[in-house]
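[1] coordinates for the following, if possible.
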Amino acid sequence: MEVTNKKVLVFGSGLSGTGAVGLLSEHGAEVILYDGNEKLDREEIAGRICCSGDVQIILGSFPEKLLDTLDLVILSPGVPTDLPVVEQMRAKGIGIIGEVELAYAFGRGDVLAITGTNGKTTTTSLLGEIMKNDKEEVYVVGNIGNPYTVAAGEMSDNAVAVAEMSSFQLESTVSFRPAVSALLNISPDHLNRHHTMEAYIEAKKNIARNQTEDDWCILNYEDAVTREFGKNVRAQVLYFSSRRKLERGIYLDDGMIVYKNPEEIRICHVEELQLLGTHNYENVMAAAAMAAVYGVPMDRIRESVKAFKGVEHRIEFVTEKDGVAYYNDSKGTNPDAAIKGIQAMNRPTILIGGGYDKDSSYTEWIESFGGKVRKLILLGATKEKIAEDAESCGFHDYTFADTFEEAVLMSAELAGPGEAVLLSPACASWDMFPNYETRGDKFKEIVNSL
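    Have a look, this model is predicted:
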């Protein structure tokens, strides 16, 4: 990709946006950074930009006269691709790509990429640990919080980038081609952005679109969408399964994780892992399979998966006070992810749910309570909607809280010895917090101060 002396607009001033500015400037582009939020702090944004050249920062209304001067537009993941101003850019014939495509164009080495509705962060973190135990130059990037655009400028030909990819990032890729990809699962999410389930699935499938017979794609055999997708992928496909033995793939056999490709190798028993729940065993299988097909010795894989302690904000044990165990599952940002949180509980639970509305249905989540949830505390923009779904499912043990702190304190008051308090909202945090990490940190702060 040639950007020297080209006028490039970076749309979105978050971490990936400022990372893109730095990468473009490094390669000689004339860069403009635009964000539609006029209330942002211009100086704070400028302070995050790492480049030697001058960068014009525009906030608020988009100046349409710019459209006649732009050579390329880089969309940050949080910018919808169907915004009117983006449609105007497209109509003008301006090239539009996402920050992943930009990073891939300038990054070097191999990419191992992971997507799916749930489990991305755990699988990416674990694969990152496996690779760090085997390779000298490893970057864990993408939706996990470390912008791919920042790392791309540092990579050598020996680098391995382990990349967590969201649907927002994948929908604007063009030539992105990982050496190994994984599509972990598909369930409804982000329908307020993608509008239809079909569009959401197509965005996810982009992870393998440019792969060839020289590449590998790891897929979940127990997910109908990903199993069917495997029939149409050009890359070599390897399935994982938590429910059955596979002729070729990685699977659970009476608690033992077995890799068969074609030789059968026993990796470890799930009781040797430090992670809870079948969903986490699937994440381990996906990461182990990705590393194995990439050529990492099985001893390194085995050592890494047994040592891995999981990720913050995903069914994270916080503390126990007065016999009550507190768990932070703030990363349960959709109903399917939150179901996994409920399934991991082994005691009566006070559940905190609700948040930003992503046009989800909550009936399956409520039906998964299975007698475990003694009380549901609801807050945020979705509380009334969830309450309606709860009533329709015959679950009436819910109450409302006006603030996040009130919800946590209320749960502590309701819970008794031998019970658990679980923050697993089944919703994004954006109506109250900038991200799920801030929400989880606030939960831990309040719990630890009890």
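[2] how about the contacts made by V284?
    By CB atoms under 8 Å, 6 or more residues apart in numbering, V284 lies in contact with L126, I257, L273, L275, V305, F308. Bear in mind the C-beta positions are built from the backbone N, C-alpha and C, glycine included.
[3] which SSE is immediately downstream of the helix or strand containing it?
    If you go by DSSP states H and E, V284 is part of helix 278-294. Per DSSP H and E, the first helix or strand lying C-terminal to helix 278-294 is helix 298-307.
[4] quick one: the very next helix or strand once past that next one to chain centroid distance?
    Per DSSP H and E, the first helix or strand lying C-terminal to helix 298-307 is strand 316-321. Centroid displacement of strand 316-321 relative to its chain, using CA atoms, centre = their mean, to the nearest Å, is 24 Å.
[5] out of the contacts of V284, who's the most crowded?
    Compared across the contacts of V284, L126 has the highest neighbour count, 30 neighbours, by other CB atoms under 10 Å.
[6] that one belongs to a helix, doesn't it?
    Yes: per DSSP: H, G, I helix; E, B strand; the rest coil, L126 lies within a helix segment.
[7] contact partners for it?
    N283, V284, A287, S304, V305, F308.
[8] do R347 as well
    By CB under 8 Å, 6+ apart, the contact set of R347 is A325, K372, G418, E419, A420.
[9] ok, now how distant is it from V8?
    54 Å (CB to CB, to the nearest Å).
[10] please apply the same query to L112.
    L112 is 28 Å from V8, by CB to CB.
[11] who's more crowded, those two?
    Shown here are L112 and V8; by other CB under 10 Å, L112 has more neighbours (27 against 22).
[12] I'd assumed R177 was in contact with the more buried one.
    No: using CB atoms under 8 Å, L112 makes no contact with R177, being 11.7 Å away.
[13] got the angle for the helix holding V284 vs helix 298-307?
    With axes from the mean of the first three to the mean of the last three CA atoms, to 10 degrees defining the directions, helix 278-294 sits at 160 degrees from helix 298-307.
[14] just the CA coordinates for helix 278-294, please, in PDB.
    The C-alpha trace of helix 278-294 is given here as PDB (Å, rounded to 0.1, in the frame of the first residue of the first chain):
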ATOM      1  CA  THR A 278     -17.200 -26.200  28.900                       C
ATOM      2  CA  HIS A 279     -17.000 -22.900  27.000                       C
ATOM      3  CA  ASN A 280     -13.500 -22.400  28.300                       C
ATOM      4  CA  TYR A 281     -12.500 -26.000  27.300                       C
ATOM      5  CA  GLU A 282     -13.600 -25.000  23.800                       C
ATOM      6  CA  ASN A 283     -11.400 -21.900  24.000                       C
ATOM      7  CA  VAL A 284      -8.400 -24.100  25.100                       C
ATOM      8  CA  MET A 285      -9.100 -26.500  22.200                       C
ATOM      9  CA  ALA A 286      -9.200 -23.700  19.700                       C
ATOM     10  CA  ALA A 287      -6.000 -22.100  20.900                       C
ATOM     11  CA  ALA A 288      -4.200 -25.400  21.100                       C
ATOM     12  CA  ALA A 289      -5.300 -26.400  17.600                       C
ATOM     13  CA  MET A 290      -4.200 -23.000  16.100                       C
ATOM     14  CA  ALA A 291      -0.800 -23.400  17.700                       C
ATOM     15  CA  ALA A 292      -0.400 -27.000  16.700                       C
ATOM     16  CA  VAL A 293      -1.200 -26.500  13.000                       C
ATOM     17  CA  TYR A 294       1.300 -23.500  13.100                       C
END
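[15] pull out the buried residues from that helix.
    The neighbour-count check on helix 278-294 (16 or more other CB atoms under 10 Å) flags 279-294 as buried.
[16] the nearest residue to L127 once chain neighbours are set aside and Y34, how far apart?
    Leaving aside its sequence neighbours, L127 sits nearest to A287 (CB to CB, 6 or more residues apart in numbering; 4.2 Å). Counting by CB to CB, the separation of A287 from Y34 is 37 Å.
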